[in-house]
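# Okay, sequence plus prediction incoming.
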Amino acid sequence: MKIGYFGGTFDPPHLGHVILATEAFYQLELDSLWWILTPFPPHKNKMPITPVEIRLEMLKLVVDEHPGFDISLVDLNRDPPHYAADTVEILRAENPSSKLVYLIGEDSLYDLPGWYAPNRFLANIDQLAVALRPQINTDLPELERSLPGLREKIYYLSDTMLQISSSFIRERIRNNGPVKHLLHPEIYQYLDENNLYR
């Protein structure tokens, strides 16, 4: 089995997330792709975050539309802090014979040396699928010096350059700007009916 994992706050999940997940599923020929909802991300501990129950409801709306996608409760079923190194260690123990692929954006790749226990994170995954970001210029040789063995695990995903962020969507909603074209229709309807981010 080749299993993909896509972690995030998903506040809200948007088309950029769906495109990245779909392209990873297709390009890497994954057997399944699990979205990992992080309830309390350590690097966002001073930012206001929508309650996890609401974010989980939105994520279910997205995942239900895509065969092969599912939601992992690995971070919801344990106490914080929720570091990726700990998460993938649990996933590796649960799937010892599977190939584990972790999805990130190139901005996260750039920041990887500053993650909590990045070498332990890398040791527990087989592949790191990276979505390119036009504004990021990653110095891979420098990263390799900090994290030996990184280069051989990286797979650069193509056709994932749609520049959308959850923070941009939240800000635009607050300013009464258009966001319908950036969201799955059911997510847009959910945000509208529940008056979120206003």
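Noted; the coordinates are in hand. Residues are numbered from 1 along each chain as shown.
# where along the protein do the helices fall?
Taking DSSP state H, the helices of the chain run over residues 15-27, 52-63, 84-94, 106-111, 118-123, 140-146, 166-174, 185-194.
# Go through the ones you listed and name the closest to residue 4.
Each of the helices of the chain has some distance to residue 4 by Cβ to Cβ; the shortest is helix 15-27, at 5.5 Å. C-beta here means a position set from N, CA and C on the backbone, and glycine is covered the same way.
# What does the pLDDT read for residue 106?
With respect to pLDDT, residue 106 scores 89.
# Count the residues that sit near it.
19 (other Cβ atoms under 10 Å).
# and if you look at residue 60?
15.
# Quick check: closest non-adjacent residue to it.
residue 71 (6.7 Å; Cβ to Cβ, 6 or more residues apart in numbering).
# Could you measure from that neighbour over to residue 171?
26 Å (Cβ to Cβ, to the nearest Å).
# roughly how far apart are residue 107 and residue 39?
21 Å.
# With neighbour numbers in mind, choose between those two.
Taking neighbours as other Cβ under 10 Å, residue 107 and residue 39 compare with residue 39 leading, 17 against 14.
# That one contacts residue 78, correct?
No - Residue 39 is not in contact with residue 78 according to Cβ atoms under 8 Å; the separation is 9.6 Å.
# Check which helices and strands the lowest-mean-pLDDT helix or strand in the chain sits against.
Ranking every helix and strand in the chain by mean pLDDT, DSSP states H and E puts helix 106-111 at the bottom, with a mean of 90. Packing partners of helix 106-111 (3 or more Cβ pairs under 8 Å, 6 or more residues apart in numbering; DSSP states H and E): strand 127-131.
# Using PDB, write down the CA coordinates of the strand it packs on.
What follows is strand 127-131, C-alpha atoms only, in PDB (Å, rounded to 0.1, in the frame of the first residue of the first chain):
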ATOM      1  CA  GLN A 127       8.500  10.200   0.300                       C
ATOM      2  CA  LEU A 128       7.900  13.900   0.700                       C
ATOM      3  CA  ALA A 129       5.600  15.200  -2.000                       C
ATOM      4  CA  VAL A 130       6.200  19.000  -2.400                       C
ATOM      5  CA  ALA A 131       3.900  21.500  -4.200                       C
END
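# distance from the centroid: which residue in this protein tops it?
residue 176 (26.6 Å; Cα atoms, centre = their mean).
# returning to what we had before: gap between the least confident helix or strand of the chain and the chain center?
Between the centre of helix 106-111 and the centre of its chain there are 12 Å (Cα atoms, centre = their mean, to the nearest Å).
# what's the residue nearest to residue 197 when sequence neighbours are not counted in contact with, if anything?
Sequence neighbours aside, residue 173 is the residue nearest to residue 197 in space, at 4.1 Å (criterion: Cβ to Cβ, 6+ apart). With contacts defined as Cβ atoms under 8 Å, 6 or more residues apart in numbering, the neighbours of residue 173 are 179, 191, 196-198.
# Right, I'll call it a day here.
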